[in-house]
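Asks: coordinates only, sequence not included:
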């Protein structure tokens, strides 16, 4: 009986013993990243520009972009994901002090730099924002070209970001290259 108990204990201990490391394989899981490529790409029509003091959303190079217009008519492009909970910044209000405020938590971001001016000052904001460190939003150069507002973005950003994700055998559609049928 004692030998059975000892064998069970040894077998259980072996289950928790460290094993050798598995070597990495060259598959789609280790997809190479491309080099950054900054280009001006169309985002919204000039007809869709918001009124001074407001913002709208658009997509440029696969990135969600907030197009904001200040009281003087200057146009700014910022990332449309507002930290800390990623609601759209384009739902926010452009203020007279050169900022845009988060519609839910009240965080104010500089239109020029994207840096935090006031982090989560509202009641709910203090509760949620106290858990996270203040983080700004990216800003992008913007220009009008004909009837289009163009934003300069890294056109390879989305592909580089997605290169970190699984594809192939674990892809929902089953294709090894990550494309859909």
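Replies: Great, that's in hand. All values derive from a computational prediction rather than experimental measurement.
Asks: can you list the buried residues in stretch 113-125?
Replies: Buried residues in stretch 113-125, counted by 16 or more other Cβ atoms under 10 Å: 114, 116, 117, 119, 120, 122, 125. Every residue, glycine included, has its C-beta placed from N, CA and C.
Asks: likewise stretch 54-66?
Replies: 54, 55, 56, 57, 58, 60, 61, 63, 65, 66.
Asks: coming back round to it: which two in the buried residues of stretch 113-125 are spaced the farthest apart?
Replies: Distance extremes for the buried residues of stretch 113-125: the farthest pair is 114 and 122 at 20.2 Å, using Cβ to Cβ.
Asks: closest to residue 135 among the buried residues of stretch 54-66?
Replies: Distances from residue 135 to these, taken by Cβ to Cβ, are shortest for residue 66, at 15.3 Å.
Asks: what pairs with the helix or strand hosting the closest one, parallel or antiparallel?
Replies: Taking DSSP states H and E as the criterion, residue 66 maps to strand 63-69. Paired strands of strand 63-69, with direction, are strand 54-60 (antiparallel), strand 75-79 (antiparallel) (DSSP bridges).
Asks: got the end-to-end distance for stretch 42-53?
Replies: Distance between the two ends of stretch 42-53: 22 Å, counting by Cα to Cα, to the nearest Å.
Asks: distance from the chain centre to that stretch, please.
Replies: Distance of stretch 42-53 from the chain centroid (Cα atoms, centre = their mean, to the nearest Å) equals 22 Å.
Asks: hmm, who's touching stretch 144-162?
Replies: With Cβ atoms under 8 Å, 6 or more residues apart in numbering as the contact definition, stretch 144-162 has outside contacts at 33-49, 58, 60-63, 65, 67, 75, 77, 140-143.
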